[in-house]
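> here is the input, now give the coordinates:
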Amino acid sequence: MSKENDYLATSDLERFLSRYQDIVSQGDKAGLSAMYHSSATVAFPSGNDLTSVNYRVFAEDVAKTVELGHVVQETTKNLRIELSGNIAFMRVDFELQIGEDNFEGTDFYTLAKLGTEWRITQKLYEMHQV
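Predicted coordinates:
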């Protein structure tokens, strides 16, 4: 991939992340469905276990939180993107507000460019309350 193509793909992924964060803050299940591949998983460590669910469960949880009137606002503190052709890895260090609670954490996304669109294939995250 050329440096120009890498730059364009990186710009696309930065916009993708911004759109993703907007969709999450709106609790938009249909919007999230457009960003995840149908087989995508969302996972996080929980004690000695790894909780892993299809993205639809995650989308439903986000939507319910917003429907209950809670603010869900994620802000990127640091972003790292790595590309290899039509696959990408994003590390997003973030601050997150859910209702009155504040968190810091890190998302690791794997993505695939399918046709002309990027899709999340997996999200692995960890966060802690601050």
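
> enumerate every residue touching Ala88.
Each residue near Ala88 by C-beta atoms under 8 Å, 6 or more residues apart in numbering is listed here: 9, 13, 81-82, 109-113, 118. Where you see a C-beta, it was placed from the backbone N, CA and C, and this is true even at glycine.

> that one in helix, strand or coil?
Assigned with DSSP: H, G, I helix; E, B strand; the rest coil, Ala88 falls in the strand class.

> which residues does it bridge with?
Leu83, Leu111 (DSSP bridges).

> before we move on, back to that, filter the contacts of Ala88 down to the buried ones.
9, 13, 81, 109-111, 113, 118 (16 or more other C-beta atoms under 10 Å).

> which one of these sits closest to Ala30?
The nearest member of those to Ala30, counting by C-beta to C-beta, is Trp118 at 17.2 Å.

> from the buried ones among the contacts of Ala88, which land in strands?
Within the buried ones among the contacts of Ala88, residues falling in strands by DSSP state E are 81, 109-111, 113, 118.

> with pLDDT added, can I get the residues you listed in CSV?
As requested, those are arranged in CSV below (pLDDT from 0 to 100):
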residue, pLDDT
Ile81, 96
Tyr109, 98
Thr110, 98
Leu111, 98
Lys113, 96
Trp118, 97
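
> quick revisit: could you single out the nearest of the buried ones among the contacts of Ala88 to Phe94?
For those, with Phe94 as the reference and C-beta to C-beta as the criterion, the closest is Tyr109, at 11.6 Å.

> quick one: the closest one and Gln122 touch, right?
Yes: here Tyr109 reaches Gln122: they are 7.2 Å apart, a contact under C-beta atoms under 8 Å.

> and Leu96, how many residues sit next to it?
20 (other C-beta atoms under 10 Å).

> that one falls within a strand, correct?
Yes: Leu96: assigned to a strand according to three-state DSSP.
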